[in-house]
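Enquirer: With the sequence up front, the predicted model follows.
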Number of protein chains: 2
Amino acid sequence: MTAAASTRIENALARYSAMTRRTVERYLPTGRPGDYLYAPMRDYLDRGGKGLRPALLLATCEAFGRRVEDALGPAAGLEMLHNAFLIHDDIEDDSPLRRHGQTLHKLHGMPLALNAGDALAALAMQPVRQDPALGSRVRDLLISEFSETIRVTTEGQALELGWRREGAADLAPNDYIALAGKKTCWYTTVAPLRMGAIVGSYGTASLAALSRFGFFLGLAFQTRDDLLDIELLSEPGKVPLGDIRESKHTLLLVHLLATADSKDRSWLSGFMAQRQSARTPAQCARVLTLMYRYGSVDFTRKFGAEMASSARAYFAEAFAQAPASDHLTLLHELVDFVVDRSK
Amino acid sequence: MTAAASTRIENALARYSAMTRRTVERYLPTGRPGDYLYAPMRDYLDRGGKGLRPALLLATCEAFGRRVEDALGPAAGLEMLHNAFLIHDDIEDDSPLRRHGQTLHKLHGMPLALNAGDALAALAMQPVRQDPALGSRVRDLLISEFSETIRVTTEGQALELGWRREGAADLAPNDYIALAGKKTCWYTTVAPLRMGAIVGSYGTASLAALSRFGFFLGLAFQTRDDLLDIELLSEPGKVPLGDIRESKHTLLLVHLLATADSKDRSWLSGFMAQRQSARTPAQCARVLTLMYRYGSVDFTRKFGAEMASSARAYFAEAFAQAPASDHLTLLHELVDFVVDRSK
């Protein structure tokens, strides 16, 4: 993508993020218990993030013809839900770092972090429930989207955690698609697109084509995320090869498991069966070397490019009911951004 | 209470529980991922429970003049939310046993259990959201009650977990009331009474007096629960002195901390500062001995009796808008049951 488009998108992400953050702020309690609940609850939100979800949601609302203000409630709610997921995800993975800082459970202990995630997930419905301007029909549709999002995401999370617990080594790229489709695509791309369209069209937009576009966009996003783990080896605030260390079922690992010869595969199974804390940097580097040697890196790059090209192919159908506009152009450029992003 | 009243209440609890369980069943998914999500999600619900919450909710609905069927949605939802709380509570406390079996995180590992709790908490709204017979106004009131319940309960949980993390030893019985009021009373007694009255009165009942009654009933319930920990020393399916071992801020412990001399208090601080797994049965027995010696057991019994008597005093005002009926008699007898129960 051009430098101009890249700047345009970064500005748009920052603008949408700031608006969403201001709305979130109106719903985050500041009272007591502060140190034990309300301070931890807002910590990840204060650290910022890429802002992809609010941008997709708000730009889609505008593309369908309504104002950005009309969709700030669901954008804020989804951002809160996303951060609640991150808190619990970090506990489940025992991740040490998140957004240039220690994870919440490392800072406050697991029990208080778990509880803060519960409180934040419940609060995430409030910006939708308490926005009278949405109207009751649109509000009910949005609340259904929230509840479907949690259902699908926890199903995906269960698959990933279950596979990791078993040290599942007999997986193929199709399993990865099933996993990422639930664990990532729904709440990262599909739900923002659907919720933006519901508000933007007063609940009249056809959502199936949007979901299809969002599914491919989400797979492109997750694939890029998988690759960033092995590309950003000295990024401050990130554990080098963190996904490998957690033996997360990235496409890289799933492809490697499906193609490695029996000797390497058996070594990998042993690596994955170890406790996470017992896995050494040298072992992680060996996994990385195998990923290059067996073509898993090339395969993942190619797969990501295919997902991005499918997303582009479905774009027109997804937004068939939206007239040409700057918002639509921005959404189109977001596809490139998701695929090309370097962090 | 008389043996006849006791049997009446136990029958009523069983009847209300069974009806609630059948409604819950309609909302619990049975599909995949089964082993990793939907089987763990239903496990605690399948193990049963006292059924106090559904009984309070359903009997209150009937006392206000509507049918038990009209309130099965919120009763099922609250039971699901309760069980989701239990899953996360057991993780936060690292409790080994729940309802005669291993806790969910001991059975499936912490990550899958945490995720199952998330999925169950989100699903808990469905029986209310999807019951068209409730009408939109009553439904909105009920959903507000759910969200308030989660807010207050997570605040109480944060206090308890924070105090435990700090090994807080400078607490007085008033702090206990603040804690139990949030952590237990709201979702155990206050919310069921309010939700039952909302359905039973089509949202017209005055809720303040019900909340007051529920608050005292909840404190009587929690005090009894605290005492059961030191009374049921060889109950199958229960860890002996489990609360002491977790250094849970029961009224027994809070009173002991406030009254022990400096030597015993400093020993207690040391006990509470230890990791839970390092606390020995002999140490737990010593805490119990101190509780008897400093009058903490007598104090707690007396306090529980006072809370029960306050609950009784507020009963008439709480149900002023409900005509005399068998349901009202049952609710009145439930107070005695809560205070006298032996498990």
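Expert: Okay, I see it.
Enquirer: where do the strands sit along the stretch 51-200 of chain A?
Expert: For the stretch 51-200 of chain A, the strands defined by DSSP state E, counting those that start in this stretch occupy A:97-98, A:101-102.
Enquirer: okay, the ones you listed, which one's buried deepest?
Expert: Among the strands of the stretch 51-200 of chain A, the stretch with the highest mean neighbour count (mean count of other CB atoms under 10 Å in any protein chain shown) is strand A:97-98, at a mean of 18. C-betas here are computed from N, CA, C, even on glycine.
Enquirer: Which residues of the stretch 1-150 of chain A lie near chain B?
Expert: Residues of the stretch 1-150 of chain A that fall close to chain B, judged by CB under 8 Å from any CB of the partner chain: A:33, A:35-37, A:88, A:91-93, A:109-112, A:114-116, A:118-119, A:121-123, A:125-126, A:129, A:136, A:143-144, A:147, A:150.
Enquirer: Can you say which of those are buried?
Expert: A:33, A:36-37, A:88, A:91-93, A:109-112, A:114-116, A:118-119, A:121-123, A:125-126, A:129, A:143, A:147, A:150 (16 or more other CB atoms under 10 Å in any protein chain shown).
Enquirer: Now, those that are in helices?
Expert: A:88, A:91-93, A:110-112, A:114-116, A:118-119, A:121-123, A:126, A:129, A:143, A:147, A:150 (DSSP state H).
Enquirer: which residues sit against stretch A:265-284?
Expert: A:94, A:164, A:167, A:169, A:240-241, A:244-247, A:256-257, A:260, A:286-287, A:290 (CB atoms under 8 Å, 6 or more residues apart in numbering or on different chains).
Enquirer: Now restrict those to buried residues only.
Expert: A:164, A:169, A:240-241, A:244-247, A:256-257, A:260, A:286-287, A:290.
Enquirer: Make JSON lines out of these and add distance to chain B and pLDDT.
Expert: Formatted as JSON lines, the buried ones among the contacts of stretch A:265-284 follow (distance: CB to the nearest CB, whole Å; pLDDT from 0 to 100):
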{"residue": "A:Arg164", "distance to chain B": "8", "pLDDT": "89"}
{"residue": "A:Ala169", "distance to chain B": "17", "pLDDT": "80"}
{"residue": "A:Pro240", "distance to chain B": "23", "pLDDT": "82"}
{"residue": "A:Leu241", "distance to chain B": "20", "pLDDT": "90"}
{"residue": "A:Ile244", "distance to chain B": "18", "pLDDT": "94"}
{"residue": "A:Arg245", "distance to chain B": "16", "pLDDT": "92"}
{"residue": "A:Glu246", "distance to chain B": "11", "pLDDT": "90"}
{"residue": "A:Ser247", "distance to chain B": "13", "pLDDT": "89"}
{"residue": "A:Leu256", "distance to chain B": "23", "pLDDT": "96"}
{"residue": "A:Leu257", "distance to chain B": "19", "pLDDT": "93"}
{"residue": "A:Ala260", "distance to chain B": "25", "pLDDT": "95"}
{"residue": "A:Arg286", "distance to chain B": "25", "pLDDT": "96"}
{"residue": "A:Val287", "distance to chain B": "21", "pLDDT": "96"}
{"residue": "A:Leu290", "distance to chain B": "26", "pLDDT": "97"}
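Enquirer: Please identify which of those residues is nearest to B:Cys185.
Expert: A:Arg164 (39.0 Å; CB to CB).
Enquirer: Could you pull up the residues touching A:Val335?
Expert: So A:Val335 contacts A:Leu217, A:Ala220, A:Ala308, A:Ala311, A:Arg312, A:Phe315 (CB under 8 Å, 6+ apart).
Enquirer: what about A:Arg26, how many neighbours?
Expert: 12 (other CB atoms under 10 Å in any protein chain shown).
Enquirer: That one: what's it in contact with?
Expert: Contacts of A:Arg26 by CB under 8 Å, 6+ apart are A:Ala76, A:Pro127.
Enquirer: Which secondary structure element is home to it?
Expert: helix A:3-27 (DSSP states H and E).
Enquirer: Of the contacts of A:Val335, which belong to helices?
Expert: Using DSSP H, the contacts of A:Val335 in helices are A:Leu217, A:Ala220, A:Ala308, A:Ala311, A:Arg312, A:Phe315.
Enquirer: what's in contact with the helix or strand following the helix holding A:Arg26?
Expert: For helix A:3-27, the following helix or strand on the C-terminal side (DSSP H and E) is helix A:39-46. For helix A:39-46, the surrounding residues in contact (CB under 8 Å, 6+ apart) are A:21, A:24, A:28-29, A:79-80, A:83, A:86-87, A:98-99, A:101, A:104, A:107-108, A:112-113, A:116, A:119-120, A:123.
Enquirer: now stretch A:190-200
Expert: By CB under 8 Å, 6+ apart, stretch A:190-200 touches A:52-54, A:56-66, A:70-71, A:74-75, A:78, A:134, A:138, A:141-142, A:145, A:148-149, A:205, A:207, A:210-211, A:213-215, A:218, A:318, A:322.
Enquirer: how about the helices in the stretch 201-343 of chain A?
Expert: Taking DSSP state H, counting those that start in this stretch, the helices of the stretch 201-343 of chain A run over residues A:208-231, A:242-245, A:251-259, A:262-273, A:281-293, A:296-318, A:326-340.
Enquirer: Return the set of buried residues in the fifth one.
Expert: What that stands for is helix A:281-293. Per 16+ other CB under 10 Å, helix A:281-293 contains these buried residues: A:Gln283, A:Cys284, A:Arg286, A:Val287, A:Leu288, A:Leu290, A:Met291.
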